[in-house]
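Novice: Predicted model and sequence below, questions to follow.
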Amino acid sequence: MSHAHARVHFRFLTEQAPAGTDEPGVLAPARWRFRGDETTIELGVLMPNVSVNGALLEALERTDGFSSSTVGAILAADPFAIWDDLCATLRDKGIGRVVNYPTMGAHSGPLAEGLDAMGTGYAAEIARLDRLKSDGLGVVAMASSLDQVVHAAAIEPESIVLHAFAAQGSLKDADLVTEAQQISGRPIVLHGRKWHGDAMRIADGTLC
């Protein structure tokens, strides 16, 4: 598939979504643990009070299978995950692509520096995605800044999702997407700033 025409579906599946549905989406069960608006949910999944990968495994084990277009949301910087088991379960359930959601790249300042120092920051996420790609999984990379876009592009993911936490000063959304595409050479999807997690914006035809 040409990267210039790759389409990435980034609609979060709900807890009520039937297994095996043909509707494309991102399976992120950790989001189901939280109630409220999108800001509450997004912040909730970034906090260390839920096992993102554990919630994913539980959801996988409760179902017979998912659409081949489903993307599994993984905490790629998880130092305790048993990756061989998780990846085998994803494949058994028909899921062949993953995205680093939630991303530790959404953190900044001393917290981000501390995560990096412990080997659980954004660099660790991208390294994990690279290994998963080498193992045959498709990878979608989430980034929270243009610097992270450059880092993510180095592993040549199918596409890059620019997280709404990205702080880019006065850059307008369209300009942000254009610049990210120019510096990465990858399809870019912009995470909507209104926090509609089930309605990712269309960016240059790369999302439908």
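Specialist: Structure's in. What do you need? Numbers count the residues shown, from 1 in each chain.
Novice: Give the buried residues for the lengthiest strand in the chain.
Specialist: Ranked by residue count and defined by DSSP state E, the top strand of the chain is strand 138-143. In terms of neighbour count (16 or more other C-beta atoms under 10 Å), strand 138-143 has its buried residues at Gly138, Val139, Val140, Ala141, Met142, Ala143. (Glycine included, C-beta is placed from N, CA and C.)
Novice: now stretch 70-79
Specialist: Under 16+ other C-beta under 10 Å, the buried positions of stretch 70-79 are Thr70, Val71, Gly72, Ala73, Ile74, Leu75, Ala76, Ala77, Asp78.
Novice: swap in stretch 98-112?
Specialist: Val98, Val99, Asn100, Tyr101, Pro102, Thr103, Met104, Gly105, Ala106, His107, Ala112.
Novice: Name the SS class of the first one, please.
Specialist: I take that to be Val98. Secondary structure for Val98, judged by DSSP: H, G, I helix; E, B strand; the rest coil, is strand.
Novice: ok now do Glu15, which residues does it touch?
Specialist: Glu15 sits next to Pro29, Trp32 when contact means C-beta atoms under 8 Å, 6 or more residues apart in numbering.
Novice: Assign it to helix, strand or coil.
Specialist: coil.
Novice: Over to Thr63?
Specialist: Once three-state DSSP is applied, Thr63 turns out coil.
Novice: From the chain's centroid, how far away is stretch 59-77?
Specialist: Its chain's average C-alpha position is 12 Å from that of stretch 59-77, according to C-alpha atoms, centre = their mean, to the nearest Å.
Novice: where along this protein do the strands fall?
Specialist: 26-27, 71-74, 97-100, 138-143, 159-162, 188-190.
Novice: Closest to Leu43 out of the buried residues of strand 138-143?
Specialist: Minimum distance to Leu43 across these is 15.5 Å, recorded for Met142 (C-beta to C-beta).
Novice: so where's this structure shaky on pLDDT?
Specialist: 1-10, 17-24, 164-174, 191-208 (pLDDT under 70).
Novice: Residues in contact with stretch 123-139: which ones?
Specialist: 76-77, 83, 87, 90, 96-100, 103-105, 116, 141, 151-152, 154-158.
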